[in-house]
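Chemist: Fold the following.
(2 chains, ligands or ions: 1)
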Amino acid sequence: MDEREREMAPGDGEAVGREEGHVQADAHRVRDEVASLLGQAALGNPATTGRQSHVPMAEPGSPDEAAALLRRAAEAGWRVLPMGAGLAPMDKGPADLLVSPRRMADVVQYEPADLTVEVGAGMLLEALDGELARHRQWLPILPPGGGAVTLGGLVAVGLPGALAMAYGGPRDQLLGLTMADARGRVLTLGGRVVKNVAGFDLVRLACGSRGTLGLICRVSFRLHPRPAVDRTLIWTGSTGPELVRLGRRLAELPFPFATLEIHGRRFGALPELDGGDWAITLRAVGSDAAVQGMVDAAVEVAGIPERSLDGPASERFGLAAARDEGAARPQHRRRVRPTELESVLHGVAMAAGPGDPEGASGSVVADLRSGMFRRLRARDQGLPPLSSMPGGVRKVHGGLRRVFDPRGILPGSWRDGWP
Amino acid sequence: MGPRGVLSDPQRLLVYESDGLTQYRFPPAAVVLPGSAREVRDVVRTLHGAGIPFVARGAGTGLSGGALALDGAVVVATTRLNRILELDVANRRARVQPGVINAQLTKAAAPHGLYYAPDPSSQSACTLGGNVAENSGGPHCLKYGVTNRYVTALTVVLPHGEMVELSTADPELGTLDLVGLFVGSEGCFGIVVEIEVELLPKPEGVRTLLALFDSLEEAGTAVSTIIGKGLLPAALEIMDRATIEAVEDSVFAAGIPRDTEAALVVEFDGVEGGLDAEMSEARSVCLECGAREVRTASTAADRDALWKGRKKAFGAMGRIAPDLLVQDATVPRSRLPEVLARIGEIGRRYGLRVANVFHAGDGNLHPNLLFDRNDPDELARVEKASREIMAVCIAAGGTITGEHGVGLDKRPYLPMVVPHPVLEAMGQVKAVFDPTGRCNPGKVLPDQYLPGNPSAPVGA
Ligand SMILES: Cc1cc2nc3c(=O)[nH]c(=O)nc-3n(C[C@H](O)[C@H](O)[C@H](O)COP(=O)(O)OP(=O)(O)OC[C@H]3O[C@@H](n4cnc5c(N)ncnc54)[C@H](O)[C@@H]3O)c2cc1C
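Modeler: Next up is the predicted model:
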């Protein structure tokens, strides 16, 4: 344990000691123990994740099973990597056990009249969407990876996605969740009602925690009516900064556009954006009259778009763009002030000249209203070490992780070398 | 800090002995009025060094006793921290000190076509620091969401006197959503000294409707039908007869017939072109659900008239009974009619006057129990009725507080909705920020879960 770690837990009663040279747990033993604890059915096939195929994978069937498993893992000192569909580049440390909520993939409760739903974290977003569509309802979140992400993964990763400026990101639409932590507790957080301030907000803490606090087993969301009309307008151009200026003028309109983004098209794979190196996508949803009003105003500012996608085509494009974004990794995300977008994009355009050997480094998507900038530059995206944070905040992070994972078996902890 | 910054004269401390929930009174040991973030840090550091507990206080409009000074705590009031530090119009952001009044931010943003979305009914008095601490909502949170959606960054002074900046979850930095955790922490994790918020552009158009009903259940049904139709109003607010009578008897009279059992305010905002169609659909729903009259407004002045009763309801109620217990609970929206009926029945059984005025679209109820504190029997009935109302809401799948927080008042109820392992984890999280339990002592969690308590679970 070095000075840094010591500083993380002043006056902490618990022993904190860096575990030097963790020895990989024996895969056969881990597998046998999982089977005897939860039954053969809980042994998953790690190959389905496409990675770490030598590492055993457990698929607990309930939050209680997940908690029992994590308790055992903590006792044994197994390093555990929670995962969803395996799409997000999580921490690549050497895990002894992968844990997935895949077998918890049912609708737990769906009350269309309340516009709320609770589902197992292993359910795919596209499966939930199918269910909601039958009741003309919608969960307006488009995470990188599109419909193929698990809802648990969507929450654990917590990225805002393309619809966030209109509807909020996962953190804003999440009402509650059930998480098994590495103390072996089942934590049922939040609830199913849309306003709830009963106690500290551990729901928000868990959202975006990327597996560092436990395995998310169930999630509940607030829903929206499915819009009657869905339209995406696309303008293309050859210079990024110029198109940003146009996009910023659109962003200044007082309208709740569902999406307003600029794409550095050069290296993307979306045929809808053909026509130039750069494209603005604007998605308007709502009633017929409302969408018409937004489209008219947008056309007045930006002229007739190259393309207009309607209904299912608009919806499909949104999903394809999200999927495309998920496929392009590793990624880099940064939030800049929207007014800085122009100069940032200018820099990107300069760096990504025609002969750019790195190709993908020129690929970019930016939200014109929030300034959220994605796929700017290829970079490894494991969890950065706690030590990169300022002191006070680092202490808080270390302390919080320890609340849920005192023995440091979850991702992040390994890298930081604690306990 | 100089004499201007500290109050200790008992007369002057009286103001600080309670908040919007007047049945609890705890005079603080002293009140400190820092004039800058650094002064807050220095004060907290000094208090920490001396082992003296403290509690932050904004405008004191809280309705759960959150800002009261227990255990001889010193009040750190944010009154002088009332500056808007930056209004970044182009990026729709503002940076403010915690003592800025909610409505002042919207007022400052208005000339630029922007506004701050969360609009608690107390917005002309409550502070943004208080809003952050309580994760406050308001009538328009139905469509726009509550405080935590709009706070993008915080600077806080931790209980040991260190000033840190908190951000939301960021995979690049590996940070957890400490902003999300801090919002709604009711002053128990430290003192907020700077807040960055997102502002919204003012919607292009607004339409408001006021529907009058002969029963509260009908109004509740209208609310769930409007939502069930796929309409998303900006606000859906209900007042019942007791509230209407109070309003009409007061200087705030809004011209609602006194025999109306329920008045429902429906407001749509957004793209001008879509609003009339939405209004007419909502209007038909109200009429189908039994509304005896529907009034509509599209000009700002007419809209204000329709809102007047709702906005002044709380103030008006103060005039019809010496004391008022404002309850706050949320239920799934589809259960509203049934829960409202049960609350009415509980009030009758205990011989209490109950006046409902609430954020119906969110299922967020505010049954106000009217009483006289000098009548011990009535006070006892209020407490029993309160507890029963909570139980009814929980049984319907709801929770014990939607926006006013747990504070001091709801502590005993918390275990009714939050299971033991979660209370334990909350106590451990509190201990990460405040291991000695001197920051807003005696709030939110029952004693046995609070750090510093001998029986608290260790671990964090
Ligand atoms: C008439 C009326 C109507 C109301 N309507 C609504 C409504 O519609 N929606 C709603 O949500 N609430 C409503 N409230 C409740 C109340 O106004 C809100 O909770 C408000 O956010 C409290 O702000 P305040 O500045 O008065 O905080 P205070 O009452 O002074 O403090 C509340 C809590 O915040 C903490 N706190 C204050 N400042 C800070 C800070 N800088 N750092 C850390 N902690 C701090 C205090 O310690 C305390 O725990 C209403 C109250 C009244 C009286």
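
Chemist: first vs last residue of stretch B:13-29, how far apart are they?
Modeler: With Cα to Cα, to the nearest Å as the measure, stretch B:13-29 spans 8 Å from end to end.

Chemist: How far off centre is it?
Modeler: Taking Cα atoms, centre = their mean, to the nearest Å, one finds the center of stretch B:13-29 at 18 Å from the center of the full chain.

Chemist: Do a quick rundown of the helices in chain A.
Modeler: With DSSP state H as the criterion, chain A has helices at A:3-8, A:27-38, A:63-76, A:125-133, A:151-157, A:164-167, A:170-173, A:202-206, A:240-251, A:288-302, A:312-327, A:341-351, A:391-404, A:413-416.

Chemist: winner for burial among the ones you listed?
Modeler: Most buried of the helices of chain A, by mean neighbour count (mean count of other Cβ atoms under 10 Å in any protein chain shown): helix A:151-157, with a mean of 30. Quick note: C-beta positions are derived from backbone N, CA and C, even for glycine.

Chemist: Now do the contacts for residue B:188.
Modeler: Contacts of residue B:188 were listed using Cβ atoms under 8 Å, 6 or more residues apart in numbering or on different chains, and they are A:200, B:430, B:433, B:434, B:439, B:440, B:443, B:444.

Chemist: isn't the second one right next to residue B:442, touching?
Modeler: The one in question is residue B:430. No - Residue B:430 lies out of contact with residue B:442 (Cβ atoms under 8 Å); the separation is 12.0 Å.

Chemist: So between these two, which is more surrounded?
Modeler: Using other Cβ atoms under 10 Å in any protein chain shown, the more surrounded residue of residue B:430 and residue B:442 is residue B:430, with 28 against 23.

Chemist: which SS class is the more buried one?
Modeler: helix (DSSP: H, G, I helix; E, B strand; the rest coil).

Chemist: residues near the closest residue to the ligand within chain A, how many?
Modeler: Using Cβ to the nearest ligand atom, the closest approach of chain A to the ligand is made by residue A:197 at 8.2 Å. Per other Cβ under 10 Å, the neighbour tally for residue A:197 reads 29.

Chemist: Dump the helices of chain A to a markdown table, plus distance to residue B:142.
Modeler: As requested, those are exported to a markdown table (distance: least, Cβ to Cβ, whole Å):
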| stretch | distance to residue B:142 |
| --- | --- |
| helix A:3-8 | 42 |
| helix A:27-38 | 43 |
| helix A:63-76 | 31 |
| helix A:125-133 | 20 |
| helix A:151-157 | 23 |
| helix A:164-167 | 14 |
| helix A:170-173 | 14 |
| helix A:202-206 | 20 |
| helix A:240-251 | 25 |
| helix A:288-302 | 17 |
| helix A:312-327 | 25 |
| helix A:341-351 | 32 |
| helix A:391-404 | 32 |
| helix A:413-416 | 40 |
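
Chemist: got the ones you listed as TSV, with distance to the ligand columns?
Modeler: TSV is the format used below for the helices of chain A (distance: least, Cβ to the nearest ligand atom, whole Å):
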stretch	distance to the ligand
helix A:3-8	24
helix A:27-38	43
helix A:63-76	31
helix A:125-133	29
helix A:151-157	25
helix A:164-167	21
helix A:170-173	17
helix A:202-206	16
helix A:240-251	30
helix A:288-302	27
helix A:312-327	34
helix A:341-351	33
helix A:391-404	16
helix A:413-416	29
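
Chemist: Including mean pLDDT and distance to residue B:250, could those go into JSON lines?
Modeler: Below are the helices of chain A laid out as JSON lines (pLDDT from 0 to 100; distance: least, Cβ to Cβ, whole Å):
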{"stretch": "helix A:3-8", "mean pLDDT": "34", "distance to residue B:250": "57"}
{"stretch": "helix A:27-38", "mean pLDDT": "94", "distance to residue B:250": "64"}
{"stretch": "helix A:63-76", "mean pLDDT": "97", "distance to residue B:250": "51"}
{"stretch": "helix A:125-133", "mean pLDDT": "97", "distance to residue B:250": "45"}
{"stretch": "helix A:151-157", "mean pLDDT": "95", "distance to residue B:250": "47"}
{"stretch": "helix A:164-167", "mean pLDDT": "93", "distance to residue B:250": "39"}
{"stretch": "helix A:170-173", "mean pLDDT": "96", "distance to residue B:250": "37"}
{"stretch": "helix A:202-206", "mean pLDDT": "98", "distance to residue B:250": "39"}
{"stretch": "helix A:240-251", "mean pLDDT": "91", "distance to residue B:250": "44"}
{"stretch": "helix A:288-302", "mean pLDDT": "96", "distance to residue B:250": "38"}
{"stretch": "helix A:312-327", "mean pLDDT": "89", "distance to residue B:250": "51"}
{"stretch": "helix A:341-351", "mean pLDDT": "74", "distance to residue B:250": "51"}
{"stretch": "helix A:391-404", "mean pLDDT": "91", "distance to residue B:250": "48"}
{"stretch": "helix A:413-416", "mean pLDDT": "58", "distance to residue B:250": "59"}
